[in-house]
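K.L.:
next come a sequence and a model predicted from it.
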Amino acid sequence: MEGLKSKATISILWNTFEKFSVKGGQFVIGIILARLLLPEDFGLIGMLSIFLAISQAFITSGMGSGLIQKKNRTNDDFSTVFVFNVVVSVLFYAVLYVLAPLIADFFETSRLVLITRVLTLNIVVNSLSNVQRTWLVIDLDFKTTAIINVVSVIVSGCLGIYFAYIGYGVWALVLRNLFGSIISVFIFWFIVKWKPSFRFSIQSFKELFGFGSKILLASIIGQVFNNVYNVFVGKAFSANVLGYYTTAEKYSDLLAQSISSVTQQVTYPILASLQDDKERMVSVYKRLIHMTVFFIFPVMTLLSLLADPFVRIFLTDKWASVVPLLKWMAFAKVFYPIKVINTNILNANGRSDLFLKVDLVQIPLLILMILVTIPLGLKAIVIGHVIISFLSFIINAYVSGKLCGYGVYDQLKDLLFYTVATIVMAVVVYYSISFIQSYYLKLIIGCFSGLVSYVTVCYFLKVKELKEVSDFLSVLKNKIT
């Protein structure tokens, strides 16, 4: 148990470093690009997000999860997944290449034809390194992944800034994404020892796809779930308005997905390794939810409270329309990392069928909410997103509870102390900045008062995560020194 805990701690350290370094790099690069480019440029990329996401889901989901969940893996298994990924990516690229004029007609934007055909090359490029990524996840080697991703983000980001500076417009975003993928693939192939034999085993495919097909379909549904708003907003309004929406979503995702990515990538292989010891698995599962909520509740609430100074300082006044959207979007992302853990416990137990059913149940709710809110305007759409996010958490927690005995009621009860601490923090932050005029002072004082008040309340409530964070930082200090 101690060996697994130690390895998990080190893995979380490196995965945390990677996610926040990558997100930090993307944050800085995104701010510079937002100052150089127009909302319309980001909106054009947002129109294509659903096609990229669905295509990528076919490559990255299902088969890779099957490799992680399988106990006795062979080289034929890895090679089969590699061949499958490459073939599927080429087929998807060919389909999108042909459909590019229709996509452009749908959004009534002729510029999308060439943008689609160039940007979707990412699908093929990324397929060349997905097995190498899975190999490192299985080995819990997040150090290598962290180094590769940080390097690719920095180099491609600098290239994107250069292209934006010399007037490439939306093409600065396209080329940044494409070069980022190419750089990442090159380094993965250079560092990771595993190389494909290009063998395709029917037996391996049947075993891996038997488990992974349900995760694959659920992942596609999830990507539609996450990106369908972009389609409706882009169609109902304009690329400019969609640029505001995607920017609000990007900065709310910056923190929420950093936390969820760490928990998903690190905890899935750990939970899968404990699938024969249900008691230990459920114990780890509970602690993960507690630790995730300890961070996500105050962070996203603080983002909502400080949305105005954040946007005014970093993105400038030309992005002022993002402020009301970001205030609500932050709350739409609060339950996302918890949902990830609840779905991970299903997959770790080999119940990808339940994972699929959970996502299927949510589709009618999503469609209904979009149909109701679209006529009411952009802010109503985002508020609807908040409601759907909470309902999604309830559904996931209910199903996971049936399997593991830790359901909706228990999870909500365990969230009580964190909720109280967050509410107190919100009140303190609101009144501490309400009479301040300077955006810079609002941001500084808001962050400081929020941190102090939250930690203080958690200390008096004897929240265990404070000690765990302290221990975590001690390990980090020892690793550095």
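P.N.:
Sure, I can see it. In this text the structure is predicted, and so the values were computed from the model without any measurement. Numbering: from 1, shown residues only.
K.L.:
correct me if wrong: residue 285 contacts residue 406.
P.N.:
Yes - using C-beta atoms under 8 Å, residue 285 is in contact with residue 406, at 6.6 Å. C-betas here are computed from N, CA, C, even on glycine.
K.L.:
centre-most residue in the chain?
P.N.:
Against the mean C-alpha coordinate of the chain, by C-alpha atoms, centre = their mean, the closest residue is residue 257 at 3.5 Å.
K.L.:
and residue 124, what pLDDT?
P.N.:
pLDDT for residue 124: 90.
K.L.:
residue contacts, it?
P.N.:
The contact partners of residue 124, by C-beta atoms under 8 Å, 6 or more residues apart in numbering, come to 86, 89, 90, 93.
K.L.:
try it again at 10 Å.
P.N.:
Residue 124 is in contact with 55, 59, 85, 86, 88, 89, 90, 91, 92, 93, 94, 181, counting by C-beta atoms under 10 Å, 6 or more residues apart in numbering.
K.L.:
filter these to the buried ones?
P.N.:
Those of the contacts of residue 124 that meet the buried threshold are 55, 59, 85, 86, 88, 89, 92, 93, 181, by 16 or more other C-beta atoms under 10 Å.
K.L.:
next SSE downstream of the helix or strand harbouring the last one?
P.N.:
Spelled out, that is residue 181. For residue 181, the enclosing helix or strand under DSSP states H and E is helix 170-191. Downstream of helix 170-191, the first helix or strand assigned by DSSP H and E is helix 202-236.
K.L.:
from what I can see residue 209 touches residue 67, true?
P.N.:
No - using C-beta atoms under 10 Å, residue 209 makes no contact with residue 67, being 11.3 Å away.
K.L.:
intersection of neighbour lists for these two?
P.N.:
Shared contacts of residue 209 and residue 67, counting by C-beta under 10 Å, 6+ apart, come down to 80, 81.
K.L.:
these two: who's more crowded?
P.N.:
Using other C-beta atoms under 10 Å, the more surrounded residue of residue 209 and residue 67 is residue 67, with 22 against 17.
K.L.:
and the protein, what are its domains?
P.N.:
For the chain, automatic domain parsing gives the domain ranges 1-236, 247-481.
K.L.:
could I get the contacts of residue 124 in JSON lines, plus columns for pLDDT and distance to residue 35?
P.N.:
Compiled in JSON lines, the contacts of residue 124 are given as follows (pLDDT from 0 to 100; distance: C-beta to C-beta, whole Å):
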{"residue": "55", "pLDDT": "71", "distance to residue 35": "31"}
{"residue": "59", "pLDDT": "63", "distance to residue 35": "33"}
{"residue": "85", "pLDDT": "83", "distance to residue 35": "37"}
{"residue": "86", "pLDDT": "87", "distance to residue 35": "38"}
{"residue": "88", "pLDDT": "84", "distance to residue 35": "38"}
{"residue": "89", "pLDDT": "86", "distance to residue 35": "34"}
{"residue": "90", "pLDDT": "91", "distance to residue 35": "37"}
{"residue": "91", "pLDDT": "89", "distance to residue 35": "39"}
{"residue": "92", "pLDDT": "86", "distance to residue 35": "34"}
{"residue": "93", "pLDDT": "91", "distance to residue 35": "32"}
{"residue": "94", "pLDDT": "94", "distance to residue 35": "37"}
{"residue": "181", "pLDDT": "89", "distance to residue 35": "25"}
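K.L.:
would you turn the residues you listed into JSON lines with distance to residue 328 and secondary structure?
P.N.:
JSON lines is the format used below for these (distance: C-beta to C-beta, whole Å; DSSP: H, G, I helix; E, B strand; the rest coil):
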{"residue": "55", "distance to residue 328": "29", "secondary structure": "helix"}
{"residue": "59", "distance to residue 328": "32", "secondary structure": "helix"}
{"residue": "85", "distance to residue 328": "37", "secondary structure": "helix"}
{"residue": "86", "distance to residue 328": "41", "secondary structure": "helix"}
{"residue": "88", "distance to residue 328": "37", "secondary structure": "helix"}
{"residue": "89", "distance to residue 328": "36", "secondary structure": "helix"}
{"residue": "90", "distance to residue 328": "40", "secondary structure": "helix"}
{"residue": "91", "distance to residue 328": "38", "secondary structure": "helix"}
{"residue": "92", "distance to residue 328": "33", "secondary structure": "helix"}
{"residue": "93", "distance to residue 328": "36", "secondary structure": "helix"}
{"residue": "94", "distance to residue 328": "39", "secondary structure": "helix"}
{"residue": "181", "distance to residue 328": "32", "secondary structure": "helix"}
